[in-house]
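Participant: What follows is a predicted structure for the sequence shown.
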Amino acid sequence: MVIELTPWDLLIASVLIILLAITSLILQLNIAKQLVIAAIRNVIQLLLVGYILKLIFASNNLFLLALISMVMLLVAGYEINARQKYPLKRWTGFKIGTSALFLSSFTMAFMSLVVIISPTPWYTPQYAIPLLGMLLGNTMNGISLGMDKLNQSVYQQRLIIEQRLMLGQDFHEVIKDIRAESVRTGMIPIINSMAIAGLVSLPGMMTGQILSGTPPVEAVKYQILIFFLISAGTGFGIMLAVWMISKRLFDDRQRLNLEILRIKS
């Protein structure tokens, strides 16, 4: 049995955000405005998504599912390049991030729906949308971290890289360690989440299922599945993005090409 929350319950919870904002103003932390805006956006966006999902669940329409999936993908692809210190110029970062997201997250979601969970039909929105959302969200974070690490490292080590290239080293060899470190950086959050699951914290999906009345053991099985899918999707997504960017960081004559980076002042 699910205990339904009333608007008053949410209003009480919002008091905590207001108190935090007031405290930050008193301490002059300069986060009050961002905090309040983020909280308001959170409420509006989630309420809007809730009503949209209600419509999609009721219709069980593949076209609507594909449409919302594309919107989620494009927004995630944009966010990947938006927060980086040295983002790629023009639409290059968006195209690379979106491509890596699509190939990794959508592949994992499709495989899990068709081969593992096997709902009827396979595109049942109740399973497809939450699954794809978790995959896109986590893979987006991993790819963003990996790309940011790669671009920052190449820019900061540009003199060393150019010297090694002048000595005749292949660009693959020159950038190998930076690539590996970039992938590792992007994978740290999901590796940490898996390592502490059940010991330090209860994962979000598992907690939500238990609160909605799902037997704990069944919730655990779904959470394990999600962790494995997210790990694989994130790992392959980061590798794809890092590989695609690293090729563009060097021209046909194996010279470092930093012109593709937008250096923020």
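Facilitator: Sure thing, it's come through.

Participant: rest of the way, CA atoms for contacts and neighbours
Facilitator: Will do.

Participant: Check which residues of stretch 26-39 are buried.
Facilitator: Neighbour counts using 16 or more other Cα atoms under 10 Å place 32, 35 of stretch 26-39 among the buried residues.

Participant: And the nearest residue to residue 80 once chain neighbours are set aside, which helix or strand is it part of?
Facilitator: Closest residue in space to residue 80, ignoring its immediate chain neighbours: residue 144 at 4.8 Å, by Cα to Cα, 6 or more residues apart in numbering. Assigned by DSSP states H and E, residue 144 falls within helix 125-156.

Participant: Determine the angle, from 0 to 180 degrees, between the helix-or-strand element of the chain with minimal mean pLDDT and helix 125-156.
Facilitator: Scoring the helices and strands of the chain by mean pLDDT, DSSP states H and E places helix 204-211 at the bottom, with a mean of 83. Using axes from the mean of the first three to the mean of the last three Cα atoms, to 10 degrees, the inter-axis angle of helix 204-211 relative to helix 125-156 is 160 degrees.

Participant: for helix 204-211, which positions count as buried?
Facilitator: Buried residues in helix 204-211 (16+ other Cα under 10 Å): 205, 206, 207, 209, 210.

Participant: Same check on stretch 214-231?
Facilitator: In stretch 214-231, counting by 16+ other Cα under 10 Å, buried: 219, 220, 223, 226, 227, 229, 230, 231.

Participant: So which residues make contact with it?
Facilitator: The contact list for stretch 214-231, computed with Cα atoms under 8 Å, 6 or more residues apart in numbering, reads 108-109, 112, 131, 134-135, 138-139, 187, 190-191, 194, 203, 205-206, 209-210.

Participant: so where is the stretch 151-265 of the chain shaky, pLDDT-wise?
Facilitator: 264-265 (pLDDT under 70).

Participant: same thing but 50
Facilitator: Low-confidence segments of the stretch 151-265 of the chain (pLDDT under 50): none present.

Participant: Make sure residue 203 is actually in contact with residue 195.
Facilitator: No. Residue 203 is beyond contact range of residue 195, at 11.3 Å (criterion: Cα atoms under 8 Å).

Participant: Of these two, give the one with the bigger neighbour count.
Facilitator: The neighbour count for residue 203 versus residue 195, taken as other Cα atoms under 10 Å, is higher for residue 203 (17 against 11).

Participant: coming back round to it: could I get the buried residues of stretch 214-231 as JSON lines with distance to residue 33?
Facilitator: Shown next, in JSON lines, are the buried residues of stretch 214-231 (distance: Cα to Cα, whole Å):
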{"residue": "219", "distance to residue 33": "37"}
{"residue": "220", "distance to residue 33": "38"}
{"residue": "223", "distance to residue 33": "35"}
{"residue": "226", "distance to residue 33": "35"}
{"residue": "227", "distance to residue 33": "34"}
{"residue": "229", "distance to residue 33": "36"}
{"residue": "230", "distance to residue 33": "33"}
{"residue": "231", "distance to residue 33": "34"}
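
Participant: Looking at these, which are in helices?
Facilitator: Using DSSP state H, the members of the buried residues of stretch 214-231 that fall in helices are 219, 220, 223, 226, 227, 229, 230, 231.

Participant: returning to that earlier point: tell me how many other residues surround the residue nearest to residue 80.
Facilitator: Residue 144: 27 neighbours (other Cα under 10 Å).

Participant: Assign a three-state SS to the nearest residue to residue 145 once chain neighbours are set aside, would you?
Facilitator: Counting by Cα to Cα, 6+ apart, residue 145 lies nearest to residue 186, which is 4.9 Å off, once chain neighbours are set aside. With DSSP: H, G, I helix; E, B strand; the rest coil as the basis, residue 186 sits in helix.

Participant: thought residue 186 was touching residue 146?
Facilitator: Yes. Using Cα under 8 Å, residue 186 is in contact with residue 146, at 4.5 Å.

Participant: shared neighbours, these two?
Facilitator: By Cα under 8 Å, 6+ apart, residue 186 and residue 146 have these common neighbours: residue 238.

Participant: Quick check: phi and psi at the residue sitting furthest away from the middle of the chain.
Facilitator: In terms of distance from the mean C-alpha position of the chain, residue 167 ranks first, at 38.6 Å (Cα atoms, centre = their mean). The phi/psi pair for residue 167 (degrees, to the nearest 10) reads phi -80, psi 0.
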